[in-house]
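Participant: What shape does this take:
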Amino acid sequence: MRHHLLAVSAMAAALVAPSIASATNYTIWVHGRSTSGTTQPGNHSYLGNFGPSSVAAGVNKRAANWDGKSKIADQNYRIRDALDCYCTGANFCYLAGHSAGHAQIGYALAQYGTSSRSNKNATPNASGVCGNSGGTQSGWNIKWIDIASGAAGGSELADLGHWAVSDPLTGDLRTATMRALYNHNATQGKWFYMFAGSKGTAYSGVLPGQDDEAVAYHSTGGVSQTGSFCNPGDWFCDGDLGTGTTGAYKGSTLIKLYTNHTVELRDNNEAYNHHGAGNWAGIVGPVRQDIATYAL
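Facilitator: Residues are numbered from 1 along each chain as shown. Predicted coordinates for the structure are as follows:
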């Protein structure tokens, strides 16, 4: 279904269109918030924020590493550098984001997705900037985007000061701030496939509805409003988070998802928490599997 059909169509097109046979596909991983100091900004080969690079995680996998603590706008150039490197000219990309990586991808598309980009040669220097290969284009060549526990709707843990840190990103992660940071509907036609975990803990009780210890379903499901959204049959919620493009209910009112967002995985069994733990764990796991299977 969904982007899996796009992958099959792309392969079929390559077979019948020799002119695009030289194109290369890449998979770009964008990590989220990091307070451990393990990020390597500008290093496109380092996947340590997710897990061992020996694990299958999409064709020609790369990482759009940023510092994980600055404001989205201040570090977004790191993501744009990676998109310029691998998603211009004849090359195409699959994107995978975790947590605040969702906001980094969404911000890049909304703010710069129709801007003029120089075609690049996919050979980055030490700062993660690639050389020009000739010509320009509008925006980037992106097939589709998988998101693990997307935080582009913000987290109540930031609202209430439960992250007792002073990094600027925490300010961005407040729900009202994050939702106003950019136009979440401006995806330039690119689809976001949302993977929403629900293995919360006692301390995440301040999060409304179902959550994964850090972010609630209203954000991880790509819902256009905050709310207490849950799995079917759970009590004390505004209503259910639907799968696909259904949206979520507040009582009898259906709240839409952001444009071109769809819920690919709703964690009905409360099996996945927020944390990849440097080993492709938590909700990052099913995203990695999906990417490994379909990002070809």
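Participant: Sketch out the low-pLDDT regions of the chain for me.
Facilitator: Per-residue confidence of the chain (counting by pLDDT under 70) places the weak regions at 1-21, 35-37, 164, 203.
Participant: Show me the helices in it, by range?
Facilitator: If you assign secondary structure with DSSP state H, the helices in the chain sit at 2-16, 72-86, 100-112, 156-159, 168-172, 175-180, 217-220, 284-294.
Participant: For V129, which of those helices is the nearest?
Facilitator: helix 72-86 (5.4 Å; C-beta to C-beta). In this view, the C-beta of every residue, glycine as well, is placed from N, C-alpha and C.
Participant: So which elements touch the closest one?
Facilitator: In this structure, helix 72-86 packs against strand 25-30, strand 61-63, helix 100-112, strand 116-124, strand 130-138, helix 168-172, with contacts taken as 3 or more C-beta pairs under 8 Å, 6 or more residues apart in numbering; DSSP states H and E.
Participant: The shortest one: partners in the sheet, and parallel or antiparallel?
Facilitator: Take DSSP bridges as the rule and strand 61-63 pairs in its sheet with strand 25-30 (parallel).
Participant: Other residues contacting the partner strand?
Facilitator: Applying C-beta atoms under 8 Å, 6 or more residues apart in numbering, the external contacts of strand 25-30 come out as 10, 47, 49-50, 57-64, 66, 79, 82-83, 86-87, 91-98, 101-102, 104-105, 122, 143, 291, 295-296.
Participant: The helices and strands packed on helix 72-86: which one's closest to K190?
Facilitator: Comparing the helices and strands packed on helix 72-86 by their distance to K190 (C-beta to C-beta), the top pick is helix 100-112, with 6.2 Å.
Participant: Kindly reformat the helices and strands packed on helix 72-86 as JSON lines containing mean neighbour count and distance to V263.
Facilitator: Formatted as JSON lines, the entries for the helices and strands packed on helix 72-86 read as follows, by neighbours: other C-beta atoms under 10 Å; distance: least, C-beta to C-beta, whole Å:
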{"stretch": "strand 25-30", "mean neighbour count": "25", "distance to V263": "20"}
{"stretch": "strand 61-63", "mean neighbour count": "24", "distance to V263": "24"}
{"stretch": "helix 100-112", "mean neighbour count": "26", "distance to V263": "13"}
{"stretch": "strand 116-124", "mean neighbour count": "17", "distance to V263": "30"}
{"stretch": "strand 130-138", "mean neighbour count": "13", "distance to V263": "29"}
{"stretch": "helix 168-172", "mean neighbour count": "19", "distance to V263": "24"}
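Participant: what about those, which gets the closest to G233?
Facilitator: G233 sits nearest to helix 100-112 of all the helices and strands packed on helix 72-86, at 27.2 Å, using C-beta to C-beta.
Participant: Show me what that closest one is packed up against.
Facilitator: If contacts are counted by 3+ C-beta pairs under 8 Å, 6+ apart, helix 100-112 sits against strand 25-30, helix 72-86, strand 92-98, strand 142-148, helix 168-172, strand 192-196.
Participant: Next up, the contacts around A57.
Facilitator: Taking C-beta under 8 Å, 6+ apart as the contact definition, A57 lies against 27, 29, 47, 50-51, 96, 280, 288, 291-292.
Participant: Can you give me the neighbour number for the nearest residue to it once chain neighbours are set aside?
Facilitator: By the measure of C-beta to C-beta, 6 or more residues apart in numbering, the closest residue to A57 outside its immediate chain neighbours is R288, 5.2 Å from it. Close neighbours of R288, defined as other C-beta atoms under 10 Å, add up to 24.
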